[in-house]
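1. everything below, folded, please.
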Amino acid sequence: MTTDHGYPAPRMYIAGEWCEGGHGATAPIVNPATEEVIGAVPLATPADLDRAAEAAEAGFRVWRAMPIARRTGILHAAADLVTEHAPEIGRVMTVEQGKSLAEATGEVRRVADALRWHADDARRSYGRVIPSAPGTLLTVRREPIGPVAAFVPWNFPAGSPMRKISAALSAGCSIVIKASEETPATACALVRCFEQAGVPAGVVNLVFGEPAEVSSRLIAHPVIRLVAFTGSVPVGRLLASDAGSEMKPSLMELGGHAPVIVCADADPALAARRAAAAKFANAGQVCTSPSRFLVHESLIEEFTAEFVKAAEAVVVGDGLAEGTTMGPLANERRLAAMERLTADAVARGATVATGGRRLDRPGYFYAPTVLTGVSADALVLTEEPFGPIAPIIPFTDLDDALATANALPYGLAAYGFTESAATAERLVNELQAGILSVNHCGGSVHEAPSGGFKDSGYGREGGPEGLDAYLVTKRVSHLLGS
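-> I've put the predicted structure just below:
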């Protein structure tokens, strides 16, 4: 079913059936490029959530008992369907989230590859046999933890849900996932691929609703065995606390404020181009986005000039329009945050080198912004901007740059540019981040883990470590004979 705007009408998926919420309540869905209401998302009742959890319990029993070769085959079939439908899913994502069509379609194709990787890696999740006393067989088994409750945000409408779904199902778990009410149709399209691939009823359940009500109900439900969340630090704290009170493990991938250190021996023009490309991807709405640019004073002028040039070359517009390289922000909240952070920085003495304004057109558009002369007490240096603002500040001594980079409570991503192997190793050893890139600002890859520490959360997604949270380790001691 589609709306009058050609936008597919979102539905919840519970126990193998597409459905509305039990009381018929909905919330509007807005196209951020036009501010037009394009549809409505159904909101779950407590009874809907209980039904989803109970379906996940039943689905788990079926899914974990299925031979892993058959499970893997179904997941590969789902990945093939995601790849096949990537152009249309990407278009849906652009309409509801705003990012450019190229970014959206690329995101969908990447999540299909992530699903394939997880499915194959689960076949290598070995236990072990431990040498023991004669007549005793001592083994370690790795088993799926059980039904998972997952909560994901709007900035990567395909990437965030698929990280949770692919890891859970590959490990042999079932899942109830609450996707964002702002970007629901992308999640529906992904779940439809699992349905068409033959995933049994109850293994994947998709719900929407008032976030606090959904999370409290699902986390407390007795069948849920793991809580997985991607989102802000404040919400992560609440969900982790709720999970802890129920003695349930949790996986938290939270916010960041990633520093970029451009050392004295780096190529400033190259560093600026690579950092700017990462900064304005997804309009800066990325938890690992580079967001504090610490540049050696000898390079600051050339770096800033090249960064401003790159920012001014960004083509801002509707993500569906040909040539657009940066779409709108996802909602009015983010737009207001950009205006507030820029105004605060300017009030404290910063200069707007480019941008610094809302674009005069419908939609939540904010110009790519570069700030110089930023005071150390400016909010943009301590509060995660989550948008297209780049504050550039000079440093003289690398010790000071590292201290500034590590001063915040975040520890998700960090970036460094240097031509010295010794300096690069120092950055690796001293930057407090779970993800570090040297001489580039690359994103996540399926084969390696991503995650943070300090206030940026705990646990890892991706790589062999990505299945750890979804598995329990069981020690088995078997006395042989009578």
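2. what mean pLDDT does stretch 460-480 get?
-> The pLDDT scores in stretch 460-480 average 95.
3. does anything pack onto the strand or helix carrying Ser215? Which helices or strands?
-> According to DSSP states H and E, Ser215 maps onto helix 211-220. Helix 211-220 sits against helix 46-65, strand 148-151, strand 175-178, helix 233-245, with contacts defined as 3 or more CB pairs under 8 Å, 6 or more residues apart in numbering; DSSP states H and E. C-beta: built from backbone N, CA, C; applies to glycine.
4. mind redoing it with 10 Å?
-> Using 3 or more CB pairs under 10 Å, 6 or more residues apart in numbering; DSSP states H and E, the elements in contact with helix 211-220 are helix 46-65, strand 148-151, strand 175-178, strand 204-207, strand 226-230, helix 233-245.
5. tell me, how many residues neighbour Arg11?
-> 21 (other CB atoms under 10 Å).
6. give the contact list for it.
-> Applying CB atoms under 10 Å, 6 or more residues apart in numbering to Arg11 gives the contacts 1, 17-21, 41-42, 184-185, 188, 191-192, 206, 208.
7. same check, this time on Glu447
-> Residues counted as contacts of Glu447 (CB under 10 Å, 6+ apart) are 114, 117, 121, 462-464, 466.
8. wait, Ala52 sits on Ala44?
-> Yes: with contact defined as CB atoms under 10 Å, Ala52 reaches Ala44; the gap is 7.5 Å.
9. what touches both of the two?
-> Between them, Ala52 and Ala44 share these contacting residues under CB under 10 Å, 6+ apart: 12, 14, 176, 178, 206-207, 214, 217-218.
10. out of those, who's nearest Asp80?
-> Leu206 (20.3 Å; CB to CB).
11. so that closest one versus Lys309, what's the distance?
-> Relative to Lys309, Leu206 is positioned 43 Å away (CB to CB, to the nearest Å).
12. who has more neighbours out of the two?
-> Leu206 (26 against 15).
13. contacts only, for that one.
-> 10-14, 18, 44, 52, 161, 165, 175-179, 184, 187-188, 190-192, 194.
14. what of Gly459?
-> Contact analysis of Gly459 by CB under 10 Å, 6+ apart lists 226, 228-229, 249-253, 434, 449, 451-452, 465-466, 468-469.
15. of the residues you listed, which is the nearest to Arg358?
-> Glu253 (29.9 Å).
16. any chance of the backbone angles for that closest one?
-> Main-chain dihedrals, Glu253, degrees, to the nearest 10: phi -110, psi 100.
17. what is the burial count for it?
-> Glu253, neighbours per other CB under 10 Å, totals 28.
18. name the nearest residue to it, sequence neighbours excluded.
-> Thr230 (4.4 Å; CB to CB, 6 or more residues apart in numbering).
19. from what I can see that neighbour touches Pro157, true?
-> No: assessed by CB under 10 Å, Thr230 is found out of contact with Pro157, at 11.8 Å.
20. on the three-state scheme, the most centrally placed residue in the chain is what?
-> For the chain, the residue nearest the mean C-alpha position is Ser160 (4.5 Å; CA atoms, centre = their mean). Three-state assignment for Ser160 (DSSP: H, G, I helix; E, B strand; the rest coil): helix.
21. which residue packs closest to it, ignoring adjacent ones?
-> Leaving out its chain neighbours, Ser160 is closest to Val152 (CB to CB, 6+ apart), at 3.8 Å.
22. give the closest residue to Thr94 in space, chain neighbours not counted.
-> Closest to Thr94 by CB to CB, 6+ apart is Gly319, at 3.9 Å.
23. neighbours of the one you found, just the number please.
-> With other CB under 10 Å as criterion, Gly319 counts 26.
24. low-confidence ranges, the stretch 351-482 of the chain, go.
-> Low-confidence segments of the stretch 351-482 of the chain (pLDDT under 70): 482.
25. quick revisit: burial of the residue nearest to Glu253, as a residue count?
-> By the criterion of other CB under 10 Å, Thr230 has 25 neighbours.
26. now, of the contacts of Glu447, which are buried?
-> 114, 117, 121, 462-463, 466 (16 or more other CB atoms under 10 Å).
27. grab the longest helix from the chain for me.
-> Across the chain, the longest stretch assigned as helix under DSSP state H is helix 101-122.
28. heading C-terminal from that helix, find the next helix or strand.
-> Criterion used, DSSP H and E; the element after helix 101-122 is strand 128-130.
29. strand partners (parallel or antiparallel) of that next one?
-> When sheet partners are counted by DSSP bridges, strand 128-130 sits next to strand 136-144 (antiparallel).
30. what about the partner strand, distance to the chain center?
-> Here the centre of strand 136-144 is set off from its chain's centre by 33 Å, with CA atoms, centre = their mean, to the nearest Å.
31. tell me the least confident of the contacts of Arg11?
-> For pLDDT, the smallest value among the contacts of Arg11 belongs to Met1: 52.
32. look up phi and psi at Pro249.
-> phi -70, psi 160.
33. that one contacts Ala243, doesn't it?
-> Yes: contact criterion CB under 10 Å: Pro249 and Ala243 qualify, at 7.1 Å.
34. of the contacts of Gly459, buried ones?
-> Buried among these (16+ other CB under 10 Å): 226, 228-229, 249-253, 434, 449, 451-452, 466, 468-469.
35. wait, Val445 sits on Glu461?
-> No: using CB under 10 Å, Val445 is not in contact with Glu461, being 11.2 Å away.
36. higher neighbour count, the two?
-> Per other CB under 10 Å, whichever of Val445 and Glu461 has more neighbours is Glu461, with 25 against 14.
37. who does that one bridge with?
-> Note on Glu461: beta-bridge partners by DSSP bridges are Ser450.
38. that older thread, which of the buried ones among the contacts of Gly459 lies closest to Gly373?
-> The closest of those to Gly373 turns out to be Gly452 (CB to CB; 29.7 Å).
39. for burial, what's the neighbour tally of the residue lying closest to that closest one once chain neighbours are set aside?
-> In space, and not counting its chain neighbours, Gly452 is closest to Leu412: 3.7 Å by CB to CB, 6+ apart. By the criterion of other CB under 10 Å, Leu412 has 27 neighbours.
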